[in-house]
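>>> Provide a 3D model corresponding to the input given below.
(4 chains)
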There are 4 protein chains.
Amino acid sequence: MKSIGVIAVGGYDEVGRNMTAIRVGTDIVILDMGLKLDRVQIHEDVATEKMHSLDLIKMDAIPDDTIMSNVEGDVRAIVCTHGHLDHIGAISKLAHRYNAPIIGTPFTIELISKLTKAERKFGTKNKLCTLMAGDTFQITPDLSVEFIRVQHSIIDCVFAALHTPDGIVLYANDFKLDRTPTLGEPPDFKRLKRLGKEDVIALVVESANVQRSGKTPSERVARELVRDVLLGTEETESGFLVTTFSSHIARIKTIADAAIEMGRRPLLMGRSMDEYFGSAQRMGYVDLPSELEMFGDRKSIDKMFNRVMTDGKDKYLPIVTGHQGEPNAILTRIANGSTPYTVEDGDKVIFSANTIPNPSNIANRYAVETKLQMRGARIYDNVHVSGHASKEDHWELLRMINPSHVIPTHGNLEMTSAYAELAEKVGYVLGDTVHILRNGQELTLE
Amino acid sequence: MKSIGVIAVGGYDEVGRNMTAIRVGTDIVILDMGLKLDRVQIHEDVATEKMHSLDLIKMDAIPDDTIMSNVEGDVRAIVCTHGHLDHIGAISKLAHRYNAPIIGTPFTIELISKLTKAERKFGTKNKLCTLMAGDTFQITPDLSVEFIRVQHSIIDCVFAALHTPDGIVLYANDFKLDRTPTLGEPPDFKRLKRLGKEDVIALVVESANVQRSGKTPSERVARELVRDVLLGTEETESGFLVTTFSSHIARIKTIADAAIEMGRRPLLMGRSMDEYFGSAQRMGYVDLPSELEMFGDRKSIDKMFNRVMTDGKDKYLPIVTGHQGEPNAILTRIANGSTPYTVEDGDKVIFSANTIPNPSNIANRYAVETKLQMRGARIYDNVHVSGHASKEDHWELLRMINPSHVIPTHGNLEMTSAYAELAEKVGYVLGDTVHILRNGQELTLE
Amino acid sequence: MKSIGVIAVGGYDEVGRNMTAIRVGTDIVILDMGLKLDRVQIHEDVATEKMHSLDLIKMDAIPDDTIMSNVEGDVRAIVCTHGHLDHIGAISKLAHRYNAPIIGTPFTIELISKLTKAERKFGTKNKLCTLMAGDTFQITPDLSVEFIRVQHSIIDCVFAALHTPDGIVLYANDFKLDRTPTLGEPPDFKRLKRLGKEDVIALVVESANVQRSGKTPSERVARELVRDVLLGTEETESGFLVTTFSSHIARIKTIADAAIEMGRRPLLMGRSMDEYFGSAQRMGYVDLPSELEMFGDRKSIDKMFNRVMTDGKDKYLPIVTGHQGEPNAILTRIANGSTPYTVEDGDKVIFSANTIPNPSNIANRYAVETKLQMRGARIYDNVHVSGHASKEDHWELLRMINPSHVIPTHGNLEMTSAYAELAEKVGYVLGDTVHILRNGQELTLE
Amino acid sequence: MKSIGVIAVGGYDEVGRNMTAIRVGTDIVILDMGLKLDRVQIHEDVATEKMHSLDLIKMDAIPDDTIMSNVEGDVRAIVCTHGHLDHIGAISKLAHRYNAPIIGTPFTIELISKLTKAERKFGTKNKLCTLMAGDTFQITPDLSVEFIRVQHSIIDCVFAALHTPDGIVLYANDFKLDRTPTLGEPPDFKRLKRLGKEDVIALVVESANVQRSGKTPSERVARELVRDVLLGTEETESGFLVTTFSSHIARIKTIADAAIEMGRRPLLMGRSMDEYFGSAQRMGYVDLPSELEMFGDRKSIDKMFNRVMTDGKDKYLPIVTGHQGEPNAILTRIANGSTPYTVEDGDKVIFSANTIPNPSNIANRYAVETKLQMRGARIYDNVHVSGHASKEDHWELLRMINPSHVIPTHGNLEMTSAYAELAEKVGYVLGDTVHILRNGQELTLE
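Now for the predicted structure:
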């Protein structure tokens, strides 16, 4: 048997900048190349698209892949399992150094393509290969990657199963076990259970929410929460604003549907809203309610807001960027009074998102909420459910897959340790069959 | 105009032991007579049913109604708006001193009747009068009380509108604005809105959750959460145990329905489960799924558990007492290994309840969870939504009712203050139109 | 007897922008005119020294003294009890509208004088009058103000006792009951106890830390903590940096003394360090250790840092600005690598301050700590004790002064309510003898 | 070279029940045998002194030393480094199975001796050997153990340095780096530094407070805090009660000294107070102030309290058991009103201890505080500093000792992981030179 190495490049000491390399003999497959945004945020006036990879590595903003030069072997493929920035954001900085194709589902590849086009420092020439969930891509005669459908807070998310001559390495980062999603199909449990009966030598698995007890509620619960807030009021004349993750296509659809049920026209506002949802709609992932309109640039947004103010705020439901209080997002501009949309006493602002808990976001959110409240707005926070598996979801996946080894990733040491503790309850032994890796380390399985 | 007094007897310095008296000239109507359980819990071996009221008053466990002797006037009625112990639990200790009928909805009166029968120290001879939501009871020629349907975590909960010659006093303690309840009808918004156009001189309103942002999700969300946990697993052979509030008839029904959907027989176990649900079913508030069986006493419970162990745990869904880790509840007995039901690796225990956050409960819950986990149980905590209005529900009710004065109750000073702060945002002025009262104080409205 | 009014102008709904007006008949005395910095921080690029008072009022940054136009009477004096910005920071924006002298202790007047000189929008022409602790100033034939020595986190802090024909109003905002201060004398307990036997009709008292149990430790404890960190290590060759409040003269002296004990030269660096400590030293409040050097402007600071790097970091103890992570402070510049001082592995950075818990500060502190740690620094946080009275200090002061009425200030409703709850334990009655006021309200005492 | 094994028996998955075995070839030395009290507390009516070791192991209350049967070799010595129950509490249950002497400092041996005498189930026949800090005990021709003086919250605490032919294993569990202790001498830094230059192959080190930033303040700070509370009040006529850890001889001495300074007679009350302090005094570790009196049994305590009530509470300072709200402690009995000592309005109760944060303790403390407060007591909580090293103390020790390998213990996985993260900053590599062990695992060093 060839020796198999699991190389922790990024995301093993922190949340963000995910990157794992699997070495099978001298063939290497890279899984994800992500960006850690909050390491950028603490610096002022940083434009990442113009920065050199080495500077971003020094800031701990992207994975330190300089360690790859010590690994004997060649990179044969770069595989991304979904389109969030902490999984694809470093592609434009690092991928060009590897003579290897980039493999992803169609939506993920679309986002990678946009990203590399926006890059100003490097040129990414790697071939982009789309692979559908359920399909397999032959990387070398000995190695193939199979995509398995799961659910997450972005569409077209998959697990990657790397088939090697000596068994399977399953990469499960990120996911939720949602049996009643509002867009797309549930995870492919049938395939996952069958995998559990085959020879999975290693499971590399996210640990972002492993410390949360219980199971992560289905997106259907989020839909009930959103509808409960939007439809569950007698103050139907109020202005309403909703903000959510631009990449969360299912959630946006839920909100737009509720708008129509309220008798309001949904307006999708903000550049990233336009980009993500526009792509999803063009690619056929989501039906566009005919009433919905999208506005990407500042001029058309302000023009539309003028119309809203003329027609009456109660005719529209703007769905805007700014859920983390980002300084240039639409919601922040509204809070600053720099759009034609005026917030009045009793208007309702719904955050269909959690605050990603880093101090910059918390400060930004506080500023935007305070300003909105000084104008009379009522805040509905955290009308949301997470896209990450909780403790009992992990328990279930681990028992279903039954791997010989399990390696938690996508977390700081506290999180990966918590995963290890869970795995111990399932019967794994720390240092023997469940492994805590740190950025820069390689685990060799024989 | 007669002077109207709002007398804060209990529940203005704390959560629990609610009691408010409304004095109209020399006619007095008492609203609620509640018990504060945690003041009992910190003492060992206290049997409240045998205790004298003065001792319970000294422990701050029941309202100090000795202040009533200084109020000029006669009590004409005692009105209870729902059947939770913090609203009716002191009836058996205090009501006999007043020559006045006790008025409540049918389910509330049923619970009061059980309570007074269990009392060992005093005899309660007051006439019990049932009044349906939507109906009015004439107390004196000048005074009548109207019940208005609302939702809460117990069935048959109402607001009490006291009609006086000089306007209405609305008593709103407790409630949630649930437009999609799973049992019973939504609050009577039509009547509430009409009230808001009549002359409401005072709103006395609970403040238990006023510090929670947003709105309290509908019980329909709780149903989704319960179903998501019970039906959303591939480990369908596991043992499952659910515990929830015995008085939460709607929730129990949801759980029982999910059991049937799982292909399991629901078993309702524990004395209080039997009492509350049995009453609700006999009175026609809830349909009994024919598969459901109820077991109240220890012997029949243990017998049934023997059958469960023989037939297979995967055939049944026991719904048991013990969500707060109460020492003698069924779940605690299971955790101690003192029932025939044995917890095995991977069995799932669902708390469809929050931990009521006093230190005794927290310690009890910790003990029961630890013992269950040592036997291999997986814990699903807080599969629940609250029955109390949140900040934005309060905002909406206050704007809808538009009272001349508002008096928060059912909270400590931090909570009633938080309500006052909310009322200020609506336009009320502290000390002028929104009033913070303390136990023992009377506010006179002119 | 004349009617006495206590007018809550600012600081009754929040921490910051303190301002109370006492009206005795038609004579008015203003106590404090403060600034609430965090209301400025949430806006970008705001230069307060150029802003109009009405704009600052609209931001809730300074007290809304427009309500004073509805008060019948004339302002006879403006009294400031110490020199922190939340007590004097609005002087330059508001005082010029009143034809009244400004009265303060010498150090407070010095700071007011600097502030009004830096103002760019308004000119403050009010007469500045210094009054020593222990002395009395005759305001009108009927009214005089007496200063009583207390302790706080700035030197020369006093209570103001307003003597009126009908008794005394004592203004106690801010203070700590420190019997073993490291600079200056303990509070004048003898006078306070005598006051308690005279006729104090009202105590207006801060409530910033009233929710903290126990008593606030003496500054002597802070000295032990500082010395324990600075002297209690075997790694005596490391670089050390200390940051603390520039206005905390006693603390800075403690740190400088410890530096000398360590065999290091203390360097005071940063504009505000230079201003506050320089003033205190020139005015004779503190002895300058001959080894200490002060550097106010960037050029001299960088020059000195060059010398430090040449001589060896172990020869010096820089005491720098930046304890809240303020973007332009010295510590932030060091963290950004934009001074000649380089932080190396194992260097120690001591925050002899708490983080003032608003989200902007938390984000700034996080950024500066993260950057320092990435350079290898070790962080010692919160080497500090508070300057505000805790719950038991308040208990003791209230029993000592024994006022007829007590009005908590310098806090949001949660804090003033917590004070009221404490006062109830002493025997006061909410709404009768302990009063919760809100910005804009007047309480009339008869 | 012989292989050296570090065997994690207890305290690697939790705080409490410490036990580590060091195997050098086939010679084994056991370090500590502790009890985890909170695993006992969650069960009702458990009398540990009558229980079998296997039952206590099943409850996770004592280390599971059954794993020792799989280790090839013989136990040559049992070494205890100080006298806290989580280090010696399982001696009476486990030591008799090993044919090996028990080695400790004199005070530790005294406590072990008391413990084995109180045992009702097993007889402990092991030889008890006292070893002074600074001295060495020859275990086998090849193995010796040296005791090195450190500080902790109990007197006579040491590090154990196990000298083997292949280098030293240093066992550092528990300690604080207190350079200004109030009783005894500072840690023997000279010896520790010299050790750092010799060949320390492994450091086994506690991690209880490694997540706390900064350094643990010296006990001198605790003395200042205690004096600040006891002497820093004008209410000198009040009743005062102090409670602290019975085993914390230094703290008790500080309190007794302060009592004398207050002009009050210190009274030491409670069985364990009498035992620990009595032993310390008889053995010459502490001078008894001649005014101090000790009372161990209930009768003499109540008699003394009668005298206190007659003479005046202001003549005495009772130092009592009950800092965790233990049901049968003196403070709890006072709170229940079951001693002659009556608590009156304004009496002061000082907890010179932290609440050990398990839910049982929190509930007990809440009950005792609530009852005291209902009688009018004022509570001073957490007048205390910890006895465990904080993050920066660990940083310093690790750099000073410079071991080849470091193994954190005395913590759950979150704590040992946090230690590993710290060690990484010093240059250690997880899994290579810093090792996270779990109960039952053996690490082999070659």
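>>> A:Ala161 sits in which helix or strand?
Using DSSP states H and E, the element containing A:Ala161 is strand A:158-164.
>>> again, but for A:Val242
Counting by DSSP H and E, A:Val242 is part of strand A:240-244.
>>> which other helices and strands contact that strand?
Packing partners of strand A:240-244 (3 or more CB pairs under 8 Å, 6 or more residues apart in numbering or on different chains; DSSP states H and E): helix A:219-231, helix A:249-262, strand A:316-320, helix A:330-335, strand A:348-352. Bear in mind the C-beta positions are built from the backbone N, C-alpha and C, glycine included.
>>> mind listing what A:Val406 touches?
Going by CB atoms under 8 Å, 6 or more residues apart in numbering or on different chains, A:Val406 touches A:202-203, A:205, A:398, A:419, A:423, A:428, A:433-435.
>>> OK, contacts around A:His405?
Counted by CB under 8 Å, 6+ apart, A:His405 has contacts A:201-203, A:433-435, A:443, A:445.
>>> contact residues of chain A facing chain D?
Counting by CB under 8 Å from any CB of the partner chain, chain A comes close to chain D at A:413-414, A:417-418, A:420-421, A:424, A:429-431, A:436, A:438, A:441.
>>> returning to what we had before: could I get the contacts of A:His405 in TSV, plus columns for pLDDT and distance to D:Gly346?
Formatted as TSV, the contacts of A:His405 follow (pLDDT from 0 to 100; distance: CB to CB, whole Å):
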residue	pLDDT	distance to D:Gly346
A:Ile201	97	70
A:Ala202	98	66
A:Leu203	98	63
A:Thr433	98	62
A:Val434	98	57
A:His435	98	60
A:Leu443	97	64
A:Leu445	94	69
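>>> which one among these gets closest to A:Arg265?
When the contacts of A:His405 are ranked by distance to A:Arg265 (CB to CB), A:Leu203 comes first, at 46.0 Å.
>>> these two touch, right, the closest one and A:Ile168?
No. Counting by CB atoms under 8 Å, A:Ile168 is not a contact partner of A:Leu203; they are 9.2 Å apart.
>>> what's the local residue count around A:Ile407?
26 (other CB atoms under 10 Å in any protein chain shown).
>>> who touches it in this structure?
Contacts for A:Ile407 (CB under 8 Å, 6+ apart) come out as A:6, A:8, A:202-205, A:434-435, A:437, A:443.
>>> can you redo those as CSV with neighbour count and secondary structure?
Supplementary listing: the contacts of A:Ile407 in CSV, determined by neighbours: other CB atoms under 10 Å in any protein chain shown; DSSP: H, G, I helix; E, B strand; the rest coil:
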residue, neighbour count, secondary structure
A:Val6, 24, strand
A:Ala8, 25, strand
A:Ala202, 24, strand
A:Leu203, 24, strand
A:Val204, 27, strand
A:Val205, 28, strand
A:Val434, 24, strand
A:His435, 23, coil
A:Leu437, 22, coil
A:Leu443, 17, strand
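>>> follow-up on the earlier one: want to throw the helices and strands packed on strand A:240-244 into TSV with mean neighbour count?
Below are those laid out as TSV (neighbours: other CB atoms under 10 Å in any protein chain shown):
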stretch	mean neighbour count
helix A:219-231	23
helix A:249-262	22
strand A:316-320	27
helix A:330-335	26
strand A:348-352	25
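>>> redo these as a markdown table? Include mean pLDDT.
Shown next, in a markdown table, are the helices and strands packed on strand A:240-244 (pLDDT from 0 to 100):
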| stretch | mean pLDDT |
| --- | --- |
| helix A:219-231 | 98 |
| helix A:249-262 | 97 |
| strand A:316-320 | 98 |
| helix A:330-335 | 97 |
| strand A:348-352 | 98 |
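>>> want to throw those into TSV with distance to D:Ala256?
Output for those, formatted as TSV (distance: least, CB to CB, whole Å):
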stretch	distance to D:Ala256
helix A:219-231	59
helix A:249-262	65
strand A:316-320	66
helix A:330-335	60
strand A:348-352	57
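>>> what pLDDT is listed against the residue minimising distance to the centre of chain A?
Centroid-nearest residue in chain A: A:His84, 3.6 Å away (criterion: CA atoms, centre = their mean). Here the pLDDT value assigned to A:His84 is 97.
>>> can you lay out the helices and strands packed on strand A:240-244 as JSON lines showing distance to chain B?
Shown next, in JSON lines, are the helices and strands packed on strand A:240-244 (distance: least, CB to the nearest CB, whole Å):
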{"stretch": "helix A:219-231", "distance to chain B": "5"}
{"stretch": "helix A:249-262", "distance to chain B": "13"}
{"stretch": "strand A:316-320", "distance to chain B": "17"}
{"stretch": "helix A:330-335", "distance to chain B": "17"}
{"stretch": "strand A:348-352", "distance to chain B": "8"}
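>>> so which bits of chain A are right by chain C?
Applying CB under 8 Å from any CB, we find that chain A lies next to chain C at A:42, A:44, A:60, A:327, A:358-360, A:362-363, A:365-367, A:370-371, A:374.
>>> list the contacts of A:Gly411.
Neighbours of A:Gly411 in contact, by CB under 8 Å, 6+ apart: A:11-12, A:14-15, A:206-208, A:210, A:418-419.
>>> any idea which of the residues of chain A next to chain C is closest to chain D?
If you rank the residues of chain A next to chain C by distance to chain D using CB to the nearest CB, A:Asp60 comes first, at 13.9 Å.
>>> what's the burial count for the closest residue to A:Glu119 other than its chain neighbours?
Excluding the flanking residues, the one nearest A:Glu119 by CB to CB, 6 or more residues apart in numbering or on different chains is A:Ser92, at 3.9 Å. Per other CB under 10 Å, the neighbour tally for A:Ser92 reads 26.
>>> one more: A:Gly196?
Neighbours of A:Gly196 (other CB under 10 Å): 16.
>>> what about the strands in the stretch 251-400 of chain A?
Secondary structure of the stretch 251-400 of chain A (DSSP state E, counting those that start in this stretch): strands located at A:265-269, A:293-295, A:316-320, A:348-352, A:378-380.
>>> count of neighbours near the residue of the stretch 51-200 of chain A found nearest chain C?
Distances between the stretch 51-200 of chain A and chain C by CB to the nearest CB are smallest at A:Asp60, namely 7.3 Å. Neighbour count of A:Asp60, defined by other CB under 10 Å: 20.
>>> so who does it touch?
A:Asp60 makes contacts with A:14, A:17, A:36, A:39, C:374, as judged by CB under 8 Å, 6+ apart.
>>> got the domain boundaries for chain A?
A:4-215+A:387-445, A:219-380 (automatic domain parsing).
>>> could these go into TSV alongside distance to D:Cys157?
Formatted as TSV, these follow (distance: least, CB to CB, whole Å):
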stretch	distance to D:Cys157
domain A:4-215+A:387-445	29
domain A:219-380	39
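>>> give me the pLDDT for the residue nearest to A:His394 when sequence neighbours are not counted.
Excluding its sequence neighbours, the residue lying closest to A:His394 (CB to CB, 6+ apart) is A:Val210, at 5.4 Å. Reading off the confidence values, A:Val210 has pLDDT 98.
>>> so what's the residue count around A:Val210?
A:Val210: 28 surrounding residues under other CB under 10 Å.
>>> now swap in A:Asp65 and tell me
For A:Asp65, the neighbour count with other CB under 10 Å is 24.
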